[in-house]
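>>> just coords:
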């Protein structure tokens, strides 16, 4: 059964469960040195960072939690408002003793939440590597032009996401469609991701993720634009062939940040960590060197 799915094996990775803000986090760690908190998105879990965990860069401690309700973490005591999840992860950092000089990496929803973390508590972070996610300052006109991408799949997940993820092959087909030609995920990787969403708690979490976004967070963003400025260095790495999130939503000219750079990656889709793990690794090492 999906609920009994075994955590995928990764050699030399330390596993633990950490209680923080009402969430029982499943945390995978590898390496020693400066802390790097790496956050996944949907429809994935900590395994997206398997290359970094399996071979951590010298001097870096890779910390990969499953976000609340995802992977093998316990359900959140809320309906997955992104500010709440940011507070959950900050509480996890407290529990792990990570008070300052932390590097943050976030893909997809992990990037969305990462922005809320660095805007809320910038003093804790040395830098932020965000992967295929819009920044929070995108002008309304740009968002409106790209809204059709969200409407192509998000209302479906927000409404019938539980049976869709648990009882169909929707996720398997999505992984195939959203990766670039020549860099398809292998069948076992797709299975490791998609099988976890057959668990009712995980499927419900994903549905809540999109329902809260469409019904509360999008209207809230329209009413009140993000006015906070990013004070930590932000490096945005973006697969240019992303069909879900357009790179114009991460444009440098609209970012309210002291130090923001956008790099577009040709021949790469949304799942950049799976498609180009070596490039993600290189950019993390560069950010570490820049911020020492």
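Looks like it arrived, so ask away. None of these values were measured; they are calculated from a predicted model. Residues are numbered from 1 along each chain as shown.
>>> how distant is stretch 65-76 from the center of its chain?
13 Å (CA atoms, centre = their mean, to the nearest Å).
>>> The stretch 101-250 of the chain: strands as residue ranges?
102-107, 125-131, 234-239 (DSSP state E, counting those that start in this stretch).
>>> any idea which of those strands is most buried?
Neighbour counts (mean count of other CB atoms under 10 Å) averaged over each of the strands of the stretch 101-250 of the chain peak at strand 102-107, with a mean of 26. Heads up, the C-betas are built off the backbone N, CA and C, glycines and all.
>>> what packs against it?
When contacts are defined as 3 or more CB pairs under 8 Å, 6 or more residues apart in numbering; DSSP states H and E, strand 102-107 packs onto strand 34-39, helix 109-120, strand 125-131, helix 277-290.
>>> which one of those lies closest to residue 82?
Checking the helices and strands packed on strand 102-107 against residue 82 by CB to CB gives helix 109-120 as the closest, at 5.6 Å.
>>> Pull the number of nearby residues for the closest residue in space to residue 50 that isn't next to it in sequence.
Nearest non-adjacent residue to residue 50, counting by CB to CB, 6 or more residues apart in numbering: residue 10, 5.8 Å away. By other CB atoms under 10 Å, 18 other residues sit near residue 10.
>>> And the residue nearest the centre of the chain, how close does it get to residue 44?
Centroid-nearest residue in the chain: residue 110, 2.2 Å away (criterion: CA atoms, centre = their mean). Using CB to CB, to the nearest Å, one gets 9 Å for the distance from residue 110 to residue 44.
>>> Check residue 53 too.
14 Å.
>>> Between these two, tell me which one has more neighbours.
With neighbours defined as other CB under 10 Å, residue 53 and residue 44 compare such that residue 44 has more, 28 against 23.
>>> ok, and what's touching stretch 72-89?
Here stretch 72-89 makes contact (CB atoms under 8 Å, 6 or more residues apart in numbering) with 7, 20-26, 37, 39, 45, 65-69, 109, 112-113, 116-117, 120, 201, 204-205, 208-209, 211-213, 216-217.
>>> so who does the residue nearest to residue 139 when sequence neighbours are not counted touch?
The shortest distance from residue 139 to any non-neighbouring residue, by CB to CB, 6+ apart, is to residue 254 (5.8 Å). With contact set as CB under 8 Å, 6+ apart, residue 254 has these partners: 135, 137, 138, 139, 142.
>>> Format the residues you listed as CSV; extra columns: pLDDT and neighbour count.
Converted to CSV, the contacts of residue 254 look like this (pLDDT from 0 to 100; neighbours: other CB atoms under 10 Å):
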residue, pLDDT, neighbour count
135, 98, 23
137, 97, 20
138, 94, 21
139, 92, 14
142, 93, 15
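>>> and the gap between residue 94 and residue 20?
Residue 94 is 7 Å from residue 20, by CB to CB.
>>> out of those two, which sits in the more crowded spot?
residue 20 (20 against 13).
>>> per-residue confidence at the more buried one?
Looking at residue 20, its pLDDT stands at 98.
>>> Could you give the backbone dihedrals for it?
phi -160, psi 120 (degrees, to the nearest 10).
>>> Dig out what it forms beta bridges with.
residue 23 (DSSP bridges).
>>> how close does it get to residue 85?
12 Å.
>>> same deal with residue 201?
Applying CB to CB to residue 201 and residue 85 gives a distance of 15 Å.
>>> Please, where are all the helices along the stretch 151-292 of the chain?
154-167, 170-178, 187-196, 200-212, 218-223, 272-275, 277-290 (DSSP state H, counting those that start in this stretch).
>>> relative to helix 170-178, how tilted is the third one?
Put plainly, it is helix 187-196. Put simply, helix 187-196 runs at 140 degrees to helix 170-178, going by axes from the mean of the first three to the mean of the last three CA atoms, to 10 degrees.
>>> if you average pLDDT over helix 187-196, what comes out?
Mean predicted confidence for helix 187-196 is 96.
>>> sorry, back to before: for residue 281, state which of the contacts of residue 254 is nearest.
So of the contacts of residue 254, ranked by how close each gets to residue 281 (CB to CB), first place is residue 135, at 22.5 Å.
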